[in-house]
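>>> Here's a sequence, model it:
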Amino acid sequence: MYKKVTLQAAFVLSFLALLAAGVIFKEVLVIPFFIGIVVFSFFFTLKQLAEMIWIILVVASFFGSILSVPGYESLFLYRILLPVQALLFLLTWKDWSWLDRRVRGLLLLLIGWLIVAAVTLIWAQYQVPGFRNLYYIIEAIYLISTGIYYLDSKRKLERLALLVFGVIIINIGVGIYEITTGLHLKKSALVGAVGNIQFLPTGTFFNPNDLASFLVLFLPVVLVYMRSETIIGKIVKIVLSLLCIYIIVETQSRIALVLIVGILFILILKKSWKCGVMILLAMPLLLQLPAMQEVIEQVNKTYTEKNNSTDFRLEITNYTWQTVLESHFIGVGPGNVQMKLSQYFPVDEQNEEGNISVHNFLLEVLANYGLLSALCFFLFLYFVWYFSFRLWRANKTKESWHMLPLIISVAFPFISFASSTTLEKSYVWISFGIILAVLNHYFKRTELKNEKNYPFII
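Now for the predicted structure:
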């Protein structure tokens with residue numbers, strides 16, 4: 001007994017010593033991290049451990065380099081966990097029985113997107129950015145696939161929604177702090193910004209559009225899957241929705257503002273059409289309140305004082321289309337269109353890497369990977385929308401979660417216009433993982449029900 005206690009104390013002290021050493025030698029911090037995984041493995045099965053790390057991976061993705069090793073911003077928790085989780089997934093994965101045949105077809109379309117995109121690397125002018133771009137496609141497919149795999153029940157979706165609720169609360173708190181003080185977290189693109197721009201919120205994300213897009217994609221998940229049978233629960237959802245609208249207004253993201261208002265109104269109508277009508281009737285009176293005047297003024301500025309930004313993006317779109325034509329629809333290579341565009345714009349309009357972001361992911365896919373690869377991706381989007389529409393149409397009068405895949409799949413193309421680098425945004429692909437998990441669970445359950453009713457029909 002004494003020997004066991006001594007060994008436990010030695011382990012704890014050694015673990016703390018490694019953490020202390022990590023303050024001076026940053027690389028040492030990786031050691032206690034892996035020790036922690038090993039220790040956890042004694043208390044959980046590999047499958048349980050893989051699922052736990054996937055959940056942590058998802059939450060860590062919303063914080064990026066904020067959860068990084070001090071002094072090594074590129075070495076952040078999400079990047080450390082991803083290969084560990086991938087290894088555990090491969091060790092615990094057995095067969096394809098968890099995947100419905102229709103959802104399997106969707107994943108095959110994504111693999112087709114990747115394979116054809118990889119072929120275009122042969123004639124790409126810039127090879128290194130090309131490999132980096134292909135890695136992000138692989139990561140996107142992995143996040144979607146594992147989302148389907150691990151979110152295989154309504155209870156797991158509810159647990160994830162609770163965690164996302166916490167992430168949204170943190171982002172609202174950081175956003176209000178930014179709006180009030182003009183100060184930002186280190187990873188924000190607005191660090192050092194001056195004038196009115198410095199008061200735009202970015203939360204734990206890189207820029208205001210990313211924060212707005214995250215709220216548009218994940219607020220519906222929270223509203224649909226967080227239980228709110230009590231009055232307090234319903235009040236929490238209402239307050240959360242109003243705060244999210246306020247933050248999105250302050251980000252000055254025009255597309256996100258239209259989307260969030262439309263999504264919330266649809267969810268309200270789904271819950272009670274009477275409430276929807278009452279809100280429409282009360283809206284003129286609410287807009288007259290003194291507290292609303294500042295918000296109205298901000299909305300007005302968002303849609304009237306950003307003509308330069310609109311013109312700039314239209315110019316980018318025109319040059320991107322020109323690049324598509326010059327490549328004869330075979331693509332310029334993964335990640336290469338951003339560099340090709342830099343020849344048309346002065347240095348002060350380029351980003352830190354000397355590139356120009358396309359701000360139109362669908363067109364970017366066509367320009368980078370060519371028509372065949374784009375066709376695979378566009379078919380993926382079409383069938384996701386089609387299956388989501390079928391799910392909603394067959395369950396119009398039932399719970400709101402039947403509407404969630406349709407909401408997110410419709411929102412995605414518009415979100416991709418707002419974000420500068422959609423492919424690199426892990427939260428976008430996690431949202432696809434969620435809606436495909438919903439579709440997969442629904443299709444599997446429907447097939448099982450049909451088999452019970454018609455056991456002799458194949």
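
>>> Number of residues surrounding Val258?
14 (other C-beta atoms under 10 Å). Where C-beta positions appear, they are placed from N, C-alpha and C, glycine not excepted.

>>> quick one, what contacts it?
Contact analysis of Val258 by C-beta atoms under 8 Å, 6 or more residues apart in numbering lists Phe414.

>>> Can you check what pLDDT the model gives it?
For Val258, the pLDDT comes out at 90.

>>> Isn't Thr202 up against Leu190?
Yes - Thr202 is within contact range of Leu190, at 5.8 Å (criterion: C-beta atoms under 8 Å).

>>> Name the residues contacting each of these two.
With C-beta under 8 Å, 6+ apart as the test, Thr202 and Leu190 both reach 178, 184, 208.

>>> Ramachandran angles for the second one?
When quoted as degrees, to the nearest 10, the phi and psi of His184 stand at phi -140, psi 160.

>>> Tell me the secondary structure of Phe206, please.
State at Phe206, reduced to three classes by DSSP: H, G, I helix; E, B strand; the rest coil: coil.

>>> OK, contacts around Leu371?
329-331.

>>> one step back: so which of Thr202 and Leu190 has more stuff around it?
Thr202 (25 against 20).

>>> Name the nearest residue to the more buried one, ignoring sequence neighbours.
Ser188 (4.3 Å; C-beta to C-beta, 6 or more residues apart in numbering).

>>> try Pro208
Thr251 (3.7 Å).

>>> With Ala117 instead?
Tyr369 (4.0 Å).

>>> quick one: that neighbour from Val337, how far?
9 Å (C-beta to C-beta, to the nearest Å).

>>> In the chain, spot the helix with the most residues.
helix 361-394 (DSSP state H).

>>> buried ones in that one?
Judged by neighbour count (16 or more other C-beta atoms under 10 Å), helix 361-394 contains these buried residues: 361-381, 383-385, 387-388, 390-392.

>>> Beyond it, next helix or strand please.
helix 404-418 (DSSP states H and E).

>>> Let me know the secondary structure of the residue nearest to Thr202.
Strictly by three-state DSSP, Ser188 counts as coil.

>>> give the contact list for it.
178, 202, 205-207.

>>> How about Ser228?
234, 236-237.

>>> Phi and psi next, for it.
Dihedral angles (degrees, to the nearest 10) for Ser228: phi -140, psi 50.

>>> confidence score at it?
74.

>>> just the strands in this protein please.
68-69, 72-76 (DSSP state E).

>>> before we move on, the earlier item: filter the contacts of Ser228 down to the buried ones.
By 16+ other C-beta under 10 Å, the contacts of Ser228 give Lys237 as buried.

>>> Any regions of the stretch 1-150 of the chain where pLDDT drops low?
1-42, 69-74 (pLDDT under 70).

>>> Tell me which stretches of the stretch 151-300 of the chain form helices.
154-181, 208-225, 231-251, 254-271, 273-286, 290-304 (DSSP state H, counting those that start in this stretch).

>>> for the third one, packing partners?
Under the contact criterion of 3 or more C-beta pairs under 8 Å, 6 or more residues apart in numbering; DSSP states H and E, the helices and strands touching helix 231-251 comprise helix 154-181, helix 208-225, helix 254-271, helix 290-304.

>>> Distance to Pro346 for those helices - can I get that in JSON lines?
Converted to JSON lines, these look like this (distance: least, C-beta to C-beta, whole Å):
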{"stretch": "helix 154-181", "distance to Pro346": "29"}
{"stretch": "helix 208-225", "distance to Pro346": "22"}
{"stretch": "helix 254-271", "distance to Pro346": "25"}
{"stretch": "helix 290-304", "distance to Pro346": "26"}
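
>>> and among those, the most buried is which?
Highest mean neighbour count among the helices and strands packed on helix 231-251 (mean count of other C-beta atoms under 10 Å): helix 208-225, with a mean of 26.

>>> That helix packs against which elements?
Looks like helix 208-225 contacts helix 154-181, helix 231-251, helix 254-271, helix 404-418, helix 426-453 (3+ C-beta pairs under 8 Å, 6+ apart).

>>> ranking the ones you listed by mean pLDDT, which is last?
helix 426-453 (a mean of 84).

>>> and the angle for that helix with helix 154-181?
Following axes from the mean of the first three to the mean of the last three C-alpha atoms, to 10 degrees, one obtains 160 degrees for the angle between helix 426-453 and helix 154-181.

>>> tilt between helix 426-453 and helix 404-418?
160 degrees.

>>> How far off centre is helix 426-453?
Relative to the chain's own centre, helix 426-453 is displaced by 18 Å; criterion: C-alpha atoms, centre = their mean, to the nearest Å.

>>> which parts of that helix are buried?
426-444.

>>> mind checking how far stretch 304-322 is from the chain centre?
25 Å.

>>> Pull out the buried positions in that stretch.
Quick answer for stretch 304-322 (16+ other C-beta under 10 Å): 313, 316, 319-320.

>>> Arrange those in TSV, one row each, with distance to Val216 and pLDDT as further columns.
Converted to TSV, the buried residues of stretch 304-322 look like this (distance: C-beta to C-beta, whole Å; pLDDT from 0 to 100):
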residue	distance to Val216	pLDDT
Arg313	19	83
Ile316	22	88
Tyr319	28	89
Thr320	24	89
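
>>> Of the residues you listed, which belong to helices?
Short answer: these in helices (DSSP H) are 313, 316, 319-320.

>>> ok, those vs Ala50, which is closest?
Ala50 lies nearest to Thr320 out of these, by C-beta to C-beta, at 39.8 Å.

>>> before we move on, the earlier item: what's the spacing between the residue nearest to Thr202 and Ser68?
14 Å.

>>> contacting residues around stretch 161-174?
Under C-beta under 8 Å, 6+ apart, the answer for stretch 161-174 is 55, 58-59, 62-63, 185, 201, 203-205, 211, 214-215, 218-219, 221-222, 224-226, 240, 243-244, 247.
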